[in-house]
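A.B. asks: Could you look at this predicted model? Sequence included:
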Amino acid sequence: MPIIQAENLSKVFRIPHKDPGVAGAFKAVLRPRFEDKVAVNGISFSVEPGEIVGYIGVNGAGKSTTIKMLTGILMPTRGNVQVLGRDPHRQRVANARDIGVVFGQRSQLWWDLAFIESLNLVAKIYEVPPARYKQLLDQFAETLELGELLRVPIRNMSLGQKMRAELAATLIHAPRIVYLDEPTIGLDLIVKERIREFIKQQNRAAGTTVILTTHDLGDIEELCPRVIIIDAGALIYDGPISTIKARFGKYREITFETLGDASACAVPPGAEIVGAEPRKLTLRFDRTLTTASQVAQAVMNAIEVKDFSLAEPDLASVIKQIYGGALREPVTP
Amino acid sequence: MRRYLTLYWYFLLQRFKILLEYRANFMIGASSTIILQIAGLLTIWVVMGQIPDLNGWGFDEVLLVYGLITLAKSINHMFADNLWTIGWSYVRSGQFDRFLVRPIDPLFHLLADRFCHDGIGNFLVGAALVAKSTASLGIAWTPFNALYLAVAVLSGGAIFIALNLITATSVFWITESIPVTQVIFNTHEFAQYPLTIYHRGIQILLTWVLPYGLASFYPASFLLGREVGALAWLSPVVALALLVIAFRVWLFGLRHYSGTGS
Ligand SMILES: Nc1ncnc2c1ncn2[C@@H]1O[C@H](COP(=O)(O)OP(=O)(O)O)[C@@H](O)[C@H]1O
Ligand SMILES: [Mg+2]
């Protein structure tokens, strides 16, 4: 039974069109004209309980708008969405009890209140039973290292501290689904790492379903076995991260450490030189044209090789290829 | 209902914790309204010093009208000030989204989010004016009169809140509702004085269209023994009806909420 089911989900914003100047303002009042902005265009997918799904796309692709429809904030223009068997917009309050939402840089906590006071208030709003509240608070305080933050008002926190506080507040009612809209934006590596670890742990221990939008491919590689890629509001890929890597990462890089002069080696067919130093040679080859062993053999026949290593394509270059139009028609994994 | 009351109390406690932290801010806010009120009162005092009565209403009688509407307005000020700021501090900043993913009514959340202490000053001024004028006019504080006053003030507060709620709803289309709210809200100034001094059109406006008069002139007339017929009793009825209408309008607007682009 899917926990989230989106069918042909679309959102069209009607933006009032204004001509410049006073005359334009008058015209806008007398005969308003609207421009339609299609932010999300016929997206369908479903998510099983306990999954972590990465929802990715460039700026303006429609990620946040999708999240807003899934959480019940916005009503879809077309199509429908079911979360835990409910319509999240019509049954917003019931839905709200079961979900947690983090909006990137926007805090849900009260700016001037000490963090613990904010947290108490959130727990009251969600009617978290006191015993459970205490237990979760202790647990989060440990994994997110909140101890010394509890008495600090949000306004005095660094970006990373704010995000840790935000995550604790979002999960304090033990939601079954969390939506994280760019949770690691602007954070340094150590904080990112801790946050990823926390998300992973929540998913493992509590079976929390996670939908994550991000720009950070590190988030995706570490957290999301499955990704949904959207572009200009439309779904262009939905499947395992390994499949896109295999399909789009048709290049491999192979690096040789040589004993003799590396430049003496002729370039094997299907490969090209990416980097050449006196004792080091890096080649890139197309896996559809040749194989690693063919390339390696050709090089080894020419010169003495001390060591060599093969690198996976990194996701960044793969995603770049996809946005660059490498994906004309949707792929099925 | 019980849950919302406890929650409101909890929001209020947190709010006062913040206010205590900014004690100076609190005092300035609460007293600035008193100073503003004194400026308004000086006007009445000067005008009434020139003429013995305003269309048959003496100084203390005018003060009673003025005091009643000040009390009603202070209720709106204390408990519903976020209806003013909904545009820039909630909708445009995206904070309103947050209310929609919490398991409580978003309007309740909006109002509970900020009790406005500036309104306390208004409340004190209004209470002082009513106390002073009733004392001077010899209106006894019988249980009946006290109850009547309380109902009148609460109804008046509800009328202010309902009208502000209707105008605040425009935020869902134009993302900044202050100009609309301002225009409607400002008409209450007419109702700071006895309505009989105005042209008939304005009287009708303030009785039947934007019924601010029901928060001041009519209850004051009743307490002073001036004949206003059934209108002396209409405030709670109109207030209730207006609240229901305003809430419906709000719900209609909420369906058109489309958030911000960022
Ligand atoms: N409330 C809104 N009104 C008008 N246009 C919007 C609104 N929200 C988003 N958009 C537009 O819809 C598109 C998708 O936005 P969004 O979902 O925020 O993208 P992402 O989160 O992927 O960056 C953008 O072009 C954005 O400008
Ligand atoms: Mg976004």
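C.D. replies: Received, thanks. Ligands and ions are numbered 1, 2, ... in the order given.
A.B. asks: Low-confidence regions, chain A specifically.
C.D. replies: A:18, A:24-26, A:28-29, A:248-249, A:312-318, A:320-321, A:323-333 (pLDDT under 70).
A.B. asks: which parts of chain A sit against chain B?
C.D. replies: A:13-14, A:68, A:71-75, A:92-94, A:96-97, A:99, A:101, A:103, A:106, A:108, A:110, A:112-113, A:117, A:121, A:124-127 (CB under 8 Å from any CB of the partner chain). Yep, even glycine has a C-beta here, placed from its N, CA and C like the rest.
A.B. asks: from those, which ones fall inside strands?
C.D. replies: Members of the residues of chain A next to chain B lying in strands (criterion: DSSP state E): A:13-14, A:99, A:101, A:103.
A.B. asks: Can I have the buried ones of the residues you listed as a ChimeraX selection?
C.D. replies: In ChimeraX syntax, the buried subset of those is picked out as below (16 or more other CB atoms under 10 Å in any protein chain shown):
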select /A:13,99,101,103
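A.B. asks: Of the ones in strands among the residues of chain A next to chain B, which is the nearest to chain B?
C.D. replies: Using CB to the nearest CB, A:Val101 comes nearest to chain B of these, at 4.9 Å.
A.B. asks: Check the contact between the closest one and A:Leu70; I expect there is one.
C.D. replies: No - when contacts are counted by CB atoms under 8 Å, A:Val101 is not listed as touching A:Leu70 (9.3 Å).
A.B. asks: shared neighbours of those two, anything?
C.D. replies: Shared contacts of A:Val101 and A:Leu70 (CB atoms under 8 Å, 6 or more residues apart in numbering or on different chains): A:Tyr179.
A.B. asks: Can you pull the residues of the stretch 51-200 of chain A lying near ligand 2?
C.D. replies: A:63-64 (CB under 5 Å from the ion).
A.B. asks: make it 8 Å
C.D. replies: A:59-60, A:63-65, A:67, A:104, A:181-182 (CB under 8 Å from the ion).
A.B. asks: want to try CSV for those, with neighbour count, distance to B:Leu68 and secondary structure as columns?
C.D. replies: Shown next, in CSV, are those (neighbours: other CB atoms under 10 Å in any protein chain shown; distance: CB to CB, whole Å; DSSP: H, G, I helix; E, B strand; the rest coil):
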residue, neighbour count, distance to B:Leu68, secondary structure
A:Asn59, 7, 55, coil
A:Gly60, 13, 53, coil
A:Lys63, 25, 53, helix
A:Ser64, 26, 48, helix
A:Thr65, 26, 48, helix
A:Ile67, 23, 49, helix
A:Gly104, 19, 48, coil
A:Asp181, 22, 49, strand
A:Glu182, 19, 52, coil
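A.B. asks: Return only those of the residues you listed found close to ligand 1.
C.D. replies: A:59-60, A:63-65 (CB under 6 Å from any ligand atom).
A.B. asks: List the contacts of the nearest residue to A:Glu182 once chain neighbours are set aside.
C.D. replies: Of all residues not flanking A:Glu182 in the chain, A:Gly104 sits nearest, at 3.7 Å (CB to CB, 6 or more residues apart in numbering or on different chains). Residues in contact with A:Gly104 (CB under 8 Å, 6+ apart) are A:181-183, A:185.
A.B. asks: same check, this time on A:Ile229
C.D. replies: A:56-57, A:235-238, A:244, A:319, A:322.
A.B. asks: Ok, B:Phe190 next?
C.D. replies: Here B:Phe190 is in contact with B:198, B:202, B:205-206, B:212 (CB under 8 Å, 6+ apart).
A.B. asks: Over to B:Ala162?
C.D. replies: B:239, B:242-243, B:245-246.
A.B. asks: looking at those, which has the most residues close by?
C.D. replies: Using other CB atoms under 10 Å in any protein chain shown as the neighbour criterion, B:Ala239 leads these with 25 neighbours.
A.B. asks: Next up, identify which helix or strand it is on.
C.D. replies: If you go by DSSP states H and E, B:Ala239 is part of helix B:235-254.
A.B. asks: Would that helix count as contacting chain A?
C.D. replies: No - Helix B:235-254 does not reach chain A (CB under 8 Å from any CB); its nearest approach is 9.9 Å.
A.B. asks: The host helix or strand of B:Leu7 - contacts with which helices or strands?
C.D. replies: Using DSSP H and E, the element containing B:Leu7 is helix B:2-21. On a contact count with 3 or more CB pairs under 8 Å, 6 or more residues apart in numbering or on different chains; DSSP states H and E, helix B:2-21 meets helix A:115-125, helix B:23-50, helix B:106-112.
A.B. asks: For the shortest one, give the mean pLDDT please.
C.D. replies: Right, the one you point to is helix B:106-112. Average pLDDT, helix B:106-112: 97.
A.B. asks: Check which helices and strands it is in contact with.
C.D. replies: With 3+ CB pairs under 8 Å, 6+ apart as the test, helix B:106-112 has helix B:2-21, helix B:82-85, helix B:95-100, helix B:235-254 packed against it.
A.B. asks: circling back to that earlier point, from the contacts of A:Gly104, pick the one nearest A:Ile172.
C.D. replies: In terms of CB to CB, no member of the contacts of A:Gly104 lies closer to A:Ile172 than A:Pro183, at 15.9 Å.
A.B. asks: quick check, the closest one in a strand?
C.D. replies: No - counting by DSSP: H, G, I helix; E, B strand; the rest coil, A:Pro183 is located in no strand; its state is coil.
A.B. asks: Report the contact partners of the closest residue to it other than its chain neighbours.
C.D. replies: Spatial nearest neighbour of A:Pro183, excluding adjacent residues (CB to CB, 6+ apart): A:Val102 at 5.2 Å. A:Val102 makes contacts with A:108, A:163, A:166-167, A:170, A:178-181, A:183, as judged by CB under 8 Å, 6+ apart.
A.B. asks: gap between A:Val102 and A:Ser309?
C.D. replies: A:Val102 sits 38 Å away from A:Ser309, going by CB to CB, to the nearest Å.
A.B. asks: what do you get for A:Lys250?
C.D. replies: 19 Å.
A.B. asks: Next: B:Trp250.
C.D. replies: Counting by CB to CB, the gap from B:Trp250 to A:Ser309 is 64 Å.
A.B. asks: Please apply the same query to B:Ile28.
C.D. replies: For B:Ile28 relative to A:Ser309 (CB to CB), the value is 68 Å.
A.B. asks: same thing with A:Leu149?
C.D. replies: A:Leu149 is 42 Å from A:Ser309, by CB to CB.
A.B. asks: Have a look at those two and say which one is more surrounded.
C.D. replies: Using other CB under 10 Å as the criterion, A:Leu149 and A:Ser309 rank with A:Leu149 on top: 21 against 10.
A.B. asks: quick one: contacts for that one?
C.D. replies: So A:Leu149 contacts A:115, A:157, A:161, A:164-165 (CB under 8 Å, 6+ apart).
A.B. asks: let's see 10 Å
C.D. replies: Counting by CB atoms under 10 Å, 6 or more residues apart in numbering or on different chains, A:Leu149 makes contact with A:114-116, A:141, A:156-158, A:161-162, A:164-165, A:168.
A.B. asks: and the residues you listed, which are buried?
C.D. replies: Of the contacts of A:Leu149, these count as buried by 16+ other CB under 10 Å: A:114-116, A:141, A:157, A:161-162, A:164-165, A:168.
A.B. asks: any idea which of these is closest to A:Arg284?
C.D. replies: Nearest to A:Arg284 among the buried ones among the contacts of A:Leu149, with distances taken as CB to CB, is A:Arg164, at 40.3 Å.
A.B. asks: from memory the closest one sits against A:Phe140, does it?
C.D. replies: Yes - counting by CB atoms under 10 Å, A:Phe140 is a contact partner of A:Arg164 at 8.7 Å.
A.B. asks: so what sits against both of those two?
C.D. replies: A:146, A:198.
A.B. asks: which intervals of chain B have sub-threshold pLDDT?
C.D. replies: In chain B, residues with pLDDT under 70: B:261-262.
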